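In: Provided below for reference: sequence and predicted model.
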Amino acid sequence: MPLDFTAIDFETANSSPASACSVGLVRVRDGKVVAQTGWLIRPPAGHDEFNEWNTRIHGLYAHDVVNAATWVQQIGSLCAFAGADVLVAHNAGFDMNVLRRACEATGIDAPPYRSLCSLAVARKTYDLDSYRLPKAAAAAGFGDFPHHDALADARACAQIVIDAARLAEAPDVHALGAALSIPLSAPLASAPQRAVA
């Protein structure tokens with residue numbers, strides 16, 4: 001199997017994992033970036049307040065997403081781009097939780113994606129004083145980029161996995177996970193939806 005995956009990064013409006021306000025997606029085929037996209041998201045109702053701390057990190061405000069597609073409107077585009085790929089993210093637990101919780105908040109089933117964490121990959125591949133995304137990406141040969149821009153972060157994450165696979169001589173993400181003793185996550189599952197009487 002070739003080194004095929006989709007790197008993903010979410011930014012959130014506040015501390016709620018359901019408050020996705022931006023996503024970046026990067027498609028990798030045979031170890032090369034072949035497509036990338038990203039867009040703003042209007043977070044689900046009840047999760048749509050923009051916290052000052054989050055805004056300080058990513059620079060997005062409520063007025064930036066007022067005309068953006070809602071989670072329900074955009075999830076189909078996300079899935080169409082990622083297809084059946086393994087999703088790769090830096091601290092994948094965070095990004096996969098955003099995906100799951102935003103689906104739960106809007107009453108839709110989470111798509112059953114498996115994931116690989118590029119943070120864990122970087123820790124097993126490089127000897128660094130910090131494994132934050134900018135440092136790990138630099139070790140992978142990906143220079144300065146606007147950290148916390150979702151698309152730039154997804155691109156940096158993709159480069160870490162591409163470089164790690166090269167160094168480990170791993171032909172695909174499954175082999176990379178096995179070589180580094182990092183299991184791919186189980187497929188996402190939504191919490192059961194309550195029946196409406």
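Out: Cool, got the structure.
In: just checking, what packs against the helix or strand of the chain with the lowest mean pLDDT?
Out: Sorting the helices and strands of the chain by mean pLDDT, DSSP states H and E puts helix 52-58 at the bottom, at a mean of 93. In terms of contacts (3 or more Cβ pairs under 8 Å, 6 or more residues apart in numbering; DSSP states H and E), helix 52-58 is packed against strand 5-12. From N, CA and C alone the C-beta is placed, and that goes for glycine too.
In: ok so, going back, chain center to the least confident helix or strand of the chain, what's the gap?
Out: Here helix 52-58 is found 18 Å from its chain centre; the criterion is Cα atoms, centre = their mean, to the nearest Å.
In: and the next element down the chain from it?
Out: Counting by DSSP states H and E, the next helix or strand C-terminal to helix 52-58 is helix 62-65.
In: which stretches of the chain form helices?
Out: 52-58, 62-65, 71-82, 92-105, 118-125, 133-139, 150-168, 173-179 (DSSP state H).
In: which one of those lies nearest to residue 188?
Out: Nearest of the helices of the chain to residue 188, taken as Cβ to Cβ: helix 92-105 at 5.3 Å.
In: other SSEs contacting the closest one?
Out: Applying 3+ Cβ pairs under 8 Å, 6+ apart, we find helix 92-105 packed against strand 5-12, strand 20-29, helix 71-82, strand 87-89, strand 115-117, helix 118-125.
In: average pLDDT for that helix?
Out: Averaged across helix 92-105, pLDDT comes to 96.
In: buried ones in that helix?
Out: Neighbour-count burial for helix 92-105, counted by 16 or more other Cβ atoms under 10 Å, picks out 92, 94, 95, 96, 98, 99, 100, 101, 102, 103, 104, 105.
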